[in-house]
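Enquirer: Pasting the sequence and the predicted model now:
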Amino acid sequence: MKWYKYILLIFFMAVYGCREPFEFDYADVLEPTVVIDGYVTNSGKAHVVQVSYSTTINNRGQVETEFITNADVRIIDDLGDFTVLNHWRSGIYRTAPQYAVSEGRSYRLVVTLSNGEVYESVMKTLPPPSPATASLSFRGDTRDVLANNSIQPQEGAVIEATIQKDNDRHFYQWVIGQYFIIQSDLAPDELKFCYIRDFDEAQVVLLQDNLAQEGVSEYTYPIEFIPRSAKMKVDFGVEAVLLTLNEDDFEFWDAVRIQSENSGSLFDAAPHSIEGNITGRNGERALGYFGVYRESLDRVFFTEQELGFAPGTYPPCTIPPFADRPHPCEDCRLYEYQENFGVFAPAWWRN
């Protein structure tokens, strides 16, 4: 199934992999494959599932993703009860705001496309309880990085998680978001500062808490190094959702991590086959994965001075010639990140 490996590589490189340029023969890329990916947890919130066709390359060498916006997406439990996810944007379907899975129940994802094709996951249950809860800390540090063909020091923030232990083996994944205040230097005061959420989709942060550490009640685990930038002038926040996984979930995401690290080019050999848990009733396997996890969340906020660094000097926001107007330098609400909360801080933002 050589063609399947190529499509799988395109998908994982677009979602998780490095953004290095590569060359390929457009004729080798066959019809796109359905991609379905998402998870639900025991935390009451709006959970999301994304439905699309696998990333392809058009005849101009451009990456294209076709989002599926008219599917019927449902989560069904072992009693036959179901919840319908409504399309939000870009092929993303959301549950009701306070949806949560229950202890002792099993769940599967069922996606019906407009052409009648049906894809469904295997049944998934919550993993065993773990003692770990999301607990973040930060500190300033300097790392050596390669820049301009030389090793140079890079100041930044080390984000660490505190992991509580017991005598069982547990499997964890972090989903990490970043928050900051963006400034529009040319804007009036009421449109100068906006609250922003951004997300690094290239990260797959995993931990297997092994029995070899038995007798240790807790330890710290570094989960991210964030280079210093202008975003840290006022308030910079890190949100980490700690997911407790079953072992088979962990094995899938670990394979994705290995794939993204080893894929130096599109046609590098995969370390092994990566198979998700979603299959069409016609026998065709979809790319992606559906999981049922335990969830815990924590956020930390800091500035560059709280990291121990002197205030930095950053260039002001300027409008280049022939730029569209209005411009983000004149209205912070026009900055396009994953989520722009506008000029009003979310309730959980630090005072």
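Expert: Received, thanks. What you see is a predicted model, and the numbers here were worked out from it, not measured in a lab.
Enquirer: How many residues are close by residue 211?
Expert: 9 (other CB atoms under 10 Å). Yep, even glycine has a C-beta here, placed from its N, CA and C like the rest.
Enquirer: likewise residue 148?
Expert: Count around residue 148 with other CB under 10 Å applied: 6.
Enquirer: contacting residues around residue 151?
Expert: 144, 145 (CB atoms under 8 Å, 6 or more residues apart in numbering).
Enquirer: so which strand or helix has it?
Expert: Counting by DSSP states H and E, the element that carries residue 151 is strand 150-164.
Enquirer: send the alpha carbons of that strand over as PDB?
Expert: C-alpha atoms of strand 150-164 as PDB (Å, rounded to 0.1, in the frame of the first residue of the first chain):
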ATOM      1  CA  SER A 150      26.500  29.300  14.300                       C
ATOM      2  CA  ILE A 151      25.500  28.400  17.900                       C
ATOM      3  CA  GLN A 152      23.900  31.300  19.700                       C
ATOM      4  CA  PRO A 153      22.300  31.700  23.100                       C
ATOM      5  CA  GLN A 154      18.500  31.900  23.200                       C
ATOM      6  CA  GLU A 155      16.700  33.300  26.200                       C
ATOM      7  CA  GLY A 156      13.300  31.900  27.000                       C
ATOM      8  CA  ALA A 157      10.900  30.200  29.400                       C
ATOM      9  CA  VAL A 158      11.000  26.600  30.400                       C
ATOM     10  CA  ILE A 159       7.500  25.200  31.200                       C
ATOM     11  CA  GLU A 160       7.500  22.200  33.600                       C
ATOM     12  CA  ALA A 161       4.800  20.000  34.800                       C
ATOM     13  CA  THR A 162       4.600  18.400  38.200                       C
ATOM     14  CA  ILE A 163       3.700  14.700  38.000                       C
ATOM     15  CA  GLN A 164       2.100  13.000  41.000                       C
END
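Enquirer: Name the residues of it that are buried.
Expert: Buried residues in strand 150-164, counted by 16 or more other CB atoms under 10 Å: 155, 156, 157, 158, 159, 160, 161, 163.
Enquirer: Tell me where the model's unsure across this structure.
Expert: Confidence mapping of the chain against pLDDT under 70 gives the ranges 1-31, 55-64, 200-203, 212-214, 262-273.
Enquirer: any idea how far residue 313 is from residue 120?
Expert: 55 Å (CB to CB, to the nearest Å).
Enquirer: These two: which has the busier surroundings?
Expert: When neighbours are counted by other CB under 10 Å, residue 313 and residue 120 differ, and residue 120 comes out ahead with 20 against 6.
Enquirer: State the distance from the more buried one to residue 276.
Expert: Distance from residue 120 to residue 276, by CB to CB: 12 Å.
Enquirer: Equivalent analysis for residue 284, please.
Expert: 12 Å.
Enquirer: More neighbours: which of the two?
Expert: A count of neighbours by other CB under 10 Å puts residue 276 above the other of residue 284 and residue 276, at 19 against 11.
Enquirer: residues in contact with the more buried one?
Expert: 36, 252, 285, 286, 287, 288, 289, 290.
Enquirer: Check residue 232 too.
Expert: Here residue 232 is in contact with 157, 180, 302, 303, 304, 307 (criterion: CB under 8 Å, 6+ apart).
Enquirer: and residue 328, how many neighbours does it have?
Expert: Neighbours of residue 328 using other CB under 10 Å come to 20.
Enquirer: I meant to write residue 298 there.
Expert: Neighbours of residue 298 (other CB under 10 Å): 16.
Enquirer: cool, and residue 133?
Expert: Going by other CB under 10 Å, the residues that sit close to residue 133 add up to 16.
Enquirer: excluding its backbone neighbours, what's nearest it?
Expert: Using CB to CB, 6 or more residues apart in numbering and skipping the chain neighbours, the partner closest in space to residue 133 is residue 296 (4.3 Å).
Enquirer: Quick one: neighbours of the one you found, just the number.
Expert: 18.
Enquirer: what's the answer for residue 208, then?
Expert: Residue 208 - counted by other CB under 10 Å - has 13 other residues nearby.
Enquirer: Please give the element, helix or strand, for it.
Expert: strand 205-209.
Enquirer: right, and the helix or strand after that strand?
Expert: Trace forward from strand 205-209 with DSSP H and E and the next one is strand 218-227.
Enquirer: Just the buried positions in that following strand, please.
Expert: Neighbour count says strand 218-227 has 223, 224, 226 buried, by 16+ other CB under 10 Å.
Enquirer: Between strand 205-209 and the lengthiest helix in the chain, find me the angle.
Expert: Ranked by number of residues, the top helix in the chain under DSSP state H is helix 247-262. On the basis of axes from the mean of the first three to the mean of the last three CA atoms, to 10 degrees, helix 247-262 is oriented at 130 degrees to strand 205-209.
Enquirer: Okay, buried residues for helix 247-262 please.
Expert: 249, 250, 252, 253, 254, 255, 256, 257, 259, 260.
Enquirer: likewise stretch 232-251?
Expert: 232-233, 235-246, 249-250.
Enquirer: Farthest-apart pair in those, please.
Expert: 233 and 246 (41.7 Å; CB to CB).
Enquirer: tilt between the strand holding residue 151 and strand 205-209?
Expert: Using the same axes, to 10 degrees: strand 150-164 against strand 205-209 is 50 degrees.
Enquirer: Strand 150-164 to strand 218-227, inter-axis angle?
Expert: 150 degrees.
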